[in-house]
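S.K.: Need a 3D model of the following:
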Amino acid sequence: MALLLDDLLDVSRITRGALELRRETVALREVVDEALEVARPILAGKGHELAIKPLARPLHIKADRLRLAQVLANLLTNAAKYTPPGGRVELTATANDAEIVLSVEDNGIGIEPDKLSAIFAMFSQVNRDQHRQGGLGIGLALSKSLIELHGGRLTASSGGKDRGSRFSIHLPAASRVLSPPASPRVPAADRSSVPTHRILVVDDNVDAADAMTAFLEMEGHEVRTAYCGEEAVALLGHYSPKVILLDLGLPGISGIDVARHIRATPSTNDVTLIAITGWGQPQDRASTADAGFDFHFTKPVDVGQLNRAIESAVLAT
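M.R.: Numbers count the residues shown, from 1 in each chain. As a prediction, this is how the structure comes out:
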């Protein structure tokens, strides 16, 4: 949980434009060694063969050594997790005049083609069948953001189910590093003026609900969590949120029925209702609109869009 909160705090800083890299000229080998120190225990624990194909000559890059090692370690540990015991994980480094590429490839369970586009999205929980590790979909989103802060990109490819995966970090070569465009920042003096809300998160997926709650709390909001419709309705008896994030596929009372109850109750009928769901067909959106939802977001949730929806609740007051 401590690592989860650290990741969420980093995500919060990135979305606010408040995370600054500590760039230095660093040997690529040092980055690789630090990442391997983190990943070796899980690789060894699952009996994987680790193959390393380094550059033929030493190379230095301009980067935040700790952040880059953090990303590479995440890719290596993911490869270990999603590869059946006794598999193979390969780390390769290549370079040309324009960029340096670090690739982690495995012969594990792979990623279905229609899931690749969502793999880096915040809170994405791509189902990886019987080998699911219960991840919260934060590590890859954070990794992608950290690489983009370096002026690079993080890519993924897979031949499909049971055909392995390849994740690649693309960084500009040291002699051609350009500072990435500065992210919009909230001036420190104005942070106290950033509007915050009382928010209720309702989702029967405990990991997803807790992760969303932690993220929103780090954004400065007051948040309560309910794991079913009945619990949400009971909470509304003594907690008055301005915004409710509501999953539709709840056991017992469905998210649609909870929304109808909220709109029919005088004390709650003016809250901002946001549907957070895996259902995104036109008929699903029509159902949420009919039930009184103000917004309908499909999983994985775009954090920027979610923040804008929450901010709109402030303007409506």
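
S.K.: Can I take it that residue 199 is in a strand?
M.R.: Yes: counting by DSSP: H, G, I helix; E, B strand; the rest coil, residue 199 is part of a strand.

S.K.: Assess the claim that it and residue 246 are in contact.
M.R.: No: at 11.0 Å, residue 199 does not count as touching residue 246 under the criterion of CB atoms under 8 Å. (C-beta placed from N, C-alpha, C; glycine too.)

S.K.: how near is residue 200 to residue 271?
M.R.: 8 Å (CB to CB, to the nearest Å).

S.K.: With residue 254 instead?
M.R.: Taken as CB to CB, the span from residue 254 to residue 271 is 18 Å.

S.K.: out of the two, which sits in the busier spot?
M.R.: Set residue 254 next to residue 271 and count neighbours by other CB atoms under 10 Å: residue 271 wins out with 24 against 17.

S.K.: Let me see the contact set for the more buried one.
M.R.: By CB atoms under 8 Å, 6 or more residues apart in numbering, residue 271 lies in contact with 241, 242, 243, 244, 262.

S.K.: repeat for residue 198
M.R.: For residue 198, the contact set (CB under 8 Å, 6+ apart) comprises 221, 222, 223, 224, 239, 240, 241, 242, 243.

S.K.: what kind of secondary structure is the closest residue to residue 217 other than its chain neighbours in?
M.R.: Excluding the flanking residues, the one nearest residue 217 by CB to CB, 6 or more residues apart in numbering is residue 223, at 5.3 Å. Three-state call for residue 223 (three-state DSSP): strand.

S.K.: what does residue 268 give?
M.R.: Residue 268 ends up coil, using three-state DSSP.

S.K.: Residue 85 too?
M.R.: coil.

S.K.: Correct me if wrong: it contacts residue 47.
M.R.: Yes: using CB under 8 Å, residue 85 is in contact with residue 47, at 5.1 Å.

S.K.: just to revisit the earlier point, common neighbours of residue 200 and residue 271, please.
M.R.: Shared contacts of residue 200 and residue 271 (CB under 8 Å, 6+ apart): 241, 243, 244.

S.K.: Let me see the contact set for the second one.
M.R.: If I follow you right, that is residue 243. 197, 198, 199, 200, 271, 272, 274, 310, 313.
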